[in-house]
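*Asks:* coordinates only, sequence not included:
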């Protein structure tokens, strides 16, 4: 009986060499300024960048104002269209910077709540709701401008936009200029 018990105990223990080699997906992230945001994320939010939040519009025939302006010559925009898109982009950027600033502060408050060790479930819910409210504001600032873009462009310009942005071809074949290659491949389900 003693031998059977010893055998069972040895059979169910994990050697320390295996335990120390376990996967550590978050190693190094504890050094971040804000746990849930990388330095690149923070920079993107501070500058009013899209942060990938407008992909539902962008990838479904609703061009983004920043990219429309970048492609103005190839799209043969009129002066009226250029002026309209410049105004749209400027207002969008101001709103996105403000919403991004609020989101960064909300994510910092969430980190601070956990660092304090006295975070209640009620306070946690409030912190999460605040962060998600600002994320929604940021997303709306970007996505709503894509709706306006469709009203200002002809169907031919939208088709050309999609071609120029690489949406008419295999998205994994090439990464459009201005996109982070790793994120592009990840969002498009490309195999590495």
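*Replies:* Structure received. Please read all numbers here as calculations on a predicted model, not as lab measurements.
*Asks:* tell me where the chain has helices.
*Replies:* With DSSP state H as the criterion, the chain has helices at 2-11, 16-19, 39-46, 55-58, 65-70, 79-115, 121-152, 155-164, 181-187.
*Asks:* now the closest residue to residue 54 other than its chain neighbours: how far from residue 23?
*Replies:* Nearest-residue entry for residue 54: residue 142, 4.2 Å, with adjacent residues in sequence omitted and distances by Cβ to Cβ, 6 or more residues apart in numbering. From N, CA and C alone the C-beta is placed, and that goes for glycine too. According to Cβ to Cβ, to the nearest Å, residue 142 and residue 23 sit 34 Å apart.
*Asks:* who's more crowded, those two?
*Replies:* Neighbour totals were compared for residue 142 and residue 23, and residue 142 leads with 26 against 6 (other Cβ atoms under 10 Å).
*Asks:* pull the contacting residues for that one.
*Replies:* With Cβ atoms under 8 Å, 6 or more residues apart in numbering as the criterion, the residues that contact residue 142 are 50, 53, 54, 57, 64, 92, 96.
*Asks:* state the distance from it to residue 123.
*Replies:* Summarising the geometry, the distance separating residue 142 from residue 123, computed by Cβ to Cβ, is 30 Å.
*Asks:* same thing with residue 91?
*Replies:* The spacing between residue 91 and residue 123, counted by Cβ to Cβ, is 35 Å.
*Asks:* same check, this time on residue 80
*Replies:* Between residue 80 and residue 123 the distance is 51 Å, computed by Cβ to Cβ.
*Asks:* residue 52 too?
*Replies:* In this structure, residue 52 lies at 29 Å from residue 123, with Cβ to Cβ as the measure.
*Asks:* neighbour count winner among those two?
*Replies:* For the pair residue 52 and residue 123, the greater number of neighbours falls to residue 52 (16 against 13), based on other Cβ under 10 Å.
*Asks:* quick one: contacts for that one?
*Replies:* Residues 183, 187 are the ones in contact with residue 52 under the rule Cβ under 8 Å, 6+ apart.
*Asks:* look up how far residue 160 lies from it.
*Replies:* Counting by Cβ to Cβ, the gap between residue 52 and residue 160 amounts to 23 Å.
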